[in-house]
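S.K.: Build the 3D model from these lines:
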Amino acid sequence: MDRTANGWGSGLLGVIIFSGSLPATRVAVGDFSPLFLTSARAVIAALLGAAFLVVLRQVRPGRSDLGSLVVVALGVVIGFPLLTALALQHITSAHSIVFIGLLPLATAIFGVLRGGERPKPMFWLFSGLGAATVVGFALSSSDIGSLTGDLLMVAAIVLCGLGYAEGATLSRRLGGWQVISWALLLALPMMVAVALITMPESWSEIGGPAWLGLAYVSIFSMLVGFVFWYRGLALGGIAGVGQLQLLQPFFGLALAGLLLHEPVALTMVAVTGFVVLCVAGAKRFA
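M.R.: Numbers count the residues shown, from 1 in each chain. The predicted structure follows:
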């Protein structure tokens, strides 16, 4: 019980950290190209991860782990950041919430396919109900998107769900922060090359908000958040803890209200309460 509770607590911290990712990316792509943003955030996070691996003298992963690390790198180091950055050139961060609501379901499905988990039938009911609620809320409060942006987000969700499930399975052997650090190092040579090719022609034209957005997605979204997230998935279960992602859009909107003084509608509070019940139900039957 303590192990599961620790997993859910760690996963919740990860979700809170991830809540600022899409708004930060939206700000950053205002001045940085999607390719540079994706590669730069990976390079920065990889250097930090490498420092931790060296200082703490972590053992290298075995050859049998390389395939899984490649999947993690393709899913969460390259695929999701790049595809969302491209998508956010066509749609707003608010519209992207529609697709984030599908991420817990995608993670649960890959948890079954890659992690060998077998949630009870009632789990899928609560998971589907929660996803439908988030998508419905987002559609009712979002503008009309573009087909290109929508397709990019769908692809991003599929890759992210796969990367989450694969990384969580590997975390049971290597540890959460070790998995994301090794995956970042695996992608580092390619990301350095892409960053050098796509770097801005003039650094003076990059505004302060874009730099802050890059810093957030590099340090928190790409590294710190995964320390808690992979640990949570490994301890509490991929399918179950993955449902905490249903709360991510509402954490993001709450942060906007707290920090940016944007209005928080009563409907958001009501929908959040219902989603919490869905997450509790999914936890019960995971």
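S.K.: make it CA atoms for all contacts and neighbour counts henceforth
M.R.: Fine.
S.K.: what's the pLDDT at H95?
M.R.: Here the pLDDT value assigned to H95 is 68.
S.K.: Would you mark the buried spots in stretch 75-95?
M.R.: Buried residues in stretch 75-95, counted by 16 or more other C-alpha atoms under 10 Å: 75-95.
S.K.: Give me the below-cutoff pLDDT ranges for the stretch 1-150 of the chain.
M.R.: By pLDDT under 70, the weakly predicted segments of the stretch 1-150 of the chain are 1, 93-95, 97-98, 138, 141-145.
S.K.: Helices along that one, start to end?
M.R.: In the stretch 1-150 of the chain, the segments counted as helices under DSSP state H, counting those that start in this stretch are 2-18, 21-28, 34-55, 63-72, 80-87, 93-100, 103-115, 121-140, 147-174.
S.K.: Burial-wise, tell me which of the ones you listed comes out on top.
M.R.: A comparison of the helices of the stretch 1-150 of the chain by mean neighbour count, using mean count of other C-alpha atoms under 10 Å, puts helix 80-87 on top with a mean of 25.
S.K.: Just the CA coordinates for it, please, in CSV.
M.R.: The C-alpha trace of helix 80-87 is given here as CSV (Å, rounded to 0.1, in the frame of the first residue of the first chain):
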residue,chain,number,x,y,z
PHE,A,80,6.3,14.4,-28.5
PRO,A,81,8.3,17.6,-28.1
LEU,A,82,8.8,18.0,-31.9
LEU,A,83,5.3,17.2,-32.9
THR,A,84,3.7,19.4,-30.3
ALA,A,85,6.0,22.3,-31.2
LEU,A,86,5.0,21.9,-34.8
ALA,A,87,1.3,21.5,-33.9
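S.K.: From the contact counts, what lies against it?
M.R.: Judged by 3 or more C-alpha pairs under 8 Å, 6 or more residues apart in numbering; DSSP states H and E, helix 80-87 is in contact with helix 21-28, helix 34-55, helix 147-174.
S.K.: what about 6 Å?
M.R.: Judged by 3 or more C-alpha pairs under 6 Å, 6 or more residues apart in numbering; DSSP states H and E, the packing partners of helix 80-87 are helix 34-55, helix 147-174.
S.K.: what does it contact?
M.R.: Under the contact criterion C-alpha atoms under 6 Å, 6 or more residues apart in numbering, helix 80-87 has outside partners P34, T38, G149, L152, M153, A156, C160.
S.K.: dump the residue contacts of the third one.
M.R.: Residues near G149 by C-alpha under 6 Å, 6+ apart: A87, H90, I91.
S.K.: can you check A40 too?
M.R.: A195.
S.K.: Going along the chain, name the helices of the stretch 151-286 of the chain.
M.R.: So, for the stretch 151-286 of the chain - with DSSP H, counting those that start in this stretch - the helices run 176-198, 208-216, 225-236, 238-242, 248-259, 266-285.
S.K.: The last one versus helix 2-18: what angle between them?
M.R.: To tie it back to what came earlier, the one meant is helix 266-285. Using axes from the mean of the first three to the mean of the last three C-alpha atoms, to 10 degrees, the inter-axis angle of helix 266-285 relative to helix 2-18 is 150 degrees.
S.K.: separation between G207 and A42?
M.R.: Shown here: G207 relative to A42, a distance of 20 Å by C-alpha to C-alpha, to the nearest Å.
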